[in-house]
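[1] Give the three-dimensional model of this entry:
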Amino acid sequence: MSKRMLCESAAVLALWCGLFFSGCNEQKADPKAEAPAPVKVEHEQDVNVVQVDHPEQFPIFTAIEHVSTSQLVVNGVVSPDISRTVPVISLAVGRVVEIKARLGDTVKKGQVLLRVQSADMSAAFSDYRKALVDEQLSRTQLERSKLLYDKGAVSLNDLQIAQDTEDKAKTDVENTRAKIHVLGGDPGHADTVVDIHAPISGVITDQQVTNAAGVQGLASPNPFTISDLSNVWILCDVYENDLINVHIGDSAEIRLNAYPDRPFTGRISNVGPILDPSLRTAKVRIEVKNPGLIKVGMFVTATLHGVKKEAHTAVKATAILHIHDRDWVYVPVGDQRFRRTEVVAGNALPDGMQEILSGLKPGQRVVTNALVLQNTVEQ
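    Presented below is the predicted three-dimensional model:
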């Protein structure tokens, strides 16, 4: 065998041995050593949990139970009491010659509001004068007939005819006098100008007449509308899901947007039988006595108080922290830590207490002054 052939055989043998031992080593490899490393989970810190070094600096208050009636807060608008709103009308047809009152004026009953020059009044006085003359003539004829009848000069039939004529003449006088009164005139003072008086005392809430305007009696709009605003209505929109808590006779607390610190008390007098098809609300009417501050058209916030008792939670008002239109309290959770918990605050209570509607139960402990703790944490 030549030297070249021996070298080639040795190379092939070396290659085969390398592959054999390499395969053996692969079979003996540890699978656990080649597995991927386990994932480490890091929990994100709760942003509502804070830790302080000296928790004894923040006094703790234990929430108590507060029993109150059910309540519903709605929005409304002030309207005149329709039963105390009276239109001013002129039965005389004519032209306005003078206006003595304006929209928004406070007037007294019997006060002259406007004057109308009317041809109806002129015709009424003419008929009245004619009736007076006819009644005087018929009365004279009746007296003559009685005298002649007593002397036997006329028959009983003639006397009865004279009596009938006198009665009809009196009726005509009464009717023409009444017509003058209806038109607004005075039979004892002949004048074609009619004074239109205020039927009640109150405030003029509507005006539909101007100087030199024409008045067409009942066919034209009412010149004025007067409202007695000593009592007003608050008309509120209540969603149908809340109507179960609204009852006639329940009390309501009214707060005007113009006077938020001055509450008024009223009572529910009506719950509308028809729902608004778009808003799904019913009109609830609250009657309120007006001391003079409440004006028609004002927006109000009404708190409707029911008769059903409900148990809520009460804490110190300083324990509630108001941030971003939300209410929070700090609850101790141990290890010098406090958790910020969201609550729904209710009405302010006497002695610096605040009602909690949800988010906290009686017996739970809260930080008495949440604002101080919040400022300490943010430093």
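[2] residues touching Leu91, list them.
    120, 182-184, 217-218 (CB atoms under 8 Å, 6 or more residues apart in numbering). Backbone N, C-alpha and C define where each C-beta goes, glycine included.
[3] ugh, wrong one, Thr165
    138, 141-142.
[4] Helices of the protein, start to end?
    Assigned by DSSP state H, the chain shows helices spanning 3-27, 31-34, 119-150, 156-183, 370-378.
[5] So which of these is nearest Asn231?
    For the helices of the chain, proximity to Asn231 was assessed by CB to CB; helix 156-183 is nearest, at 30.7 Å.
[6] Name the residues of that closest one that come out as buried.
    Across helix 156-183, burial judged by 16 or more other CB atoms under 10 Å covers 159, 162, 165-166, 169, 172-173, 176-177, 179-180, 183.
[7] got the residues you listed as TSV, with distance to Val296 columns?
    Listed next are these as TSV, based on distance: CB to CB, whole Å:
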residue	distance to Val296
Leu159	66
Ala162	62
Thr165	57
Glu166	56
Ala169	52
Asp172	47
Val173	46
Thr176	42
Arg177	40
Lys179	37
Ile180	36
Leu183	32
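[8] and of those, the nearest to Val300?
    The closest of the buried residues of helix 156-183 to Val300 turns out to be Leu183 (CB to CB; 42.8 Å).
[9] Once you drop chain neighbours, what's closest to the closest one?
    Of all residues not flanking Leu183 in the chain, Ala92 sits nearest, at 4.6 Å (CB to CB, 6 or more residues apart in numbering).
[10] circling back: so which of the contacts of Thr165 is the closest to Ala282?
    Relative to Ala282, the closest of the contacts of Thr165 is Ser138; by CB to CB it sits at 65.1 Å.
[11] contacting residues for that closest one?
    By CB under 8 Å, 6+ apart, Ser138 lies in contact with 162, 165-166, 168-169.
[12] Enumerate every residue touching Gly249.
    Counting by CB under 8 Å, 6+ apart, Gly249 touches 267-268.
[13] With Met298 as the reference, measure out to the residue nearest to Ile254 when sequence neighbours are not counted.
    Leaving aside its sequence neighbours, Ile254 sits nearest to Phe264 (CB to CB, 6+ apart; 4.2 Å). Applying CB to CB, to the nearest Å, the value for Phe264 to Met298 is 11 Å.
[14] still on that earlier bit, of the contacts of Ser138, just say which sits nearest to Val116.
    Using CB to CB, Ala169 is the member of those that sits closest to Val116, with 30.5 Å.
[15] Identify each buried residue in stretch 198-216, please.
    For stretch 198-216, by 16+ other CB under 10 Å, it's 198-199, 202-207, 209, 215.
[16] got it, and stretch 84-99?
    Applying 16+ other CB under 10 Å to stretch 84-99 flags 84-86, 88-94, 96, 99 as buried.
[17] Same check on stretch 331-346?
    By neighbour count with 16+ other CB under 10 Å, stretch 331-346 contains the buried residues 331-332, 338, 340-341, 343, 345-346.
[18] Quick one: mean pLDDT for that stretch?
    For stretch 331-346, mean pLDDT is 90.
[19] and the chain, what are its domains?
    Residue ranges for the domains of the chain, per automatic domain parsing: 47-81+229-379, 84-225.
[20] The first one spans what distance, first to last residue?
    Yep, that's domain 47-81+229-379 we're talking about. For domain 47-81+229-379, the first-to-last residue distance is 16 Å (CA to CA, to the nearest Å).
[21] go on, the shortest one?
    Terminal residues of domain 84-225 are spaced 11 Å apart (CA to CA).
[22] sorry, back to before: closest to Gly76 out of the helices of the chain?
    Gly76 sits nearest to helix 370-378 of all the helices of the chain, at 33.3 Å, using CB to CB.
[23] buried sites along the closest one?
    Across helix 370-378, burial judged by 16+ other CB under 10 Å covers 370, 372-374.
[24] Next, find the distance separating Gln71 from Phe299.
    19 Å.
[25] now do Pro87
    From Pro87 to Phe299 the distance is 27 Å (CB to CB).
[26] Show me what the mean pLDDT comes to for stretch 140-148.
    Average pLDDT, stretch 140-148: 94.
[27] Identify the residues contacting that stretch?
    Here stretch 140-148 has contacts from 154, 158-159, 162-163, 165-166, using CB under 8 Å, 6+ apart.
[28] Rank those residues by pLDDT and give me only the lowest.
    In this model, the minimum pLDDT among these belongs to Val154 (89).
[29] Cool, thanks, signing off.
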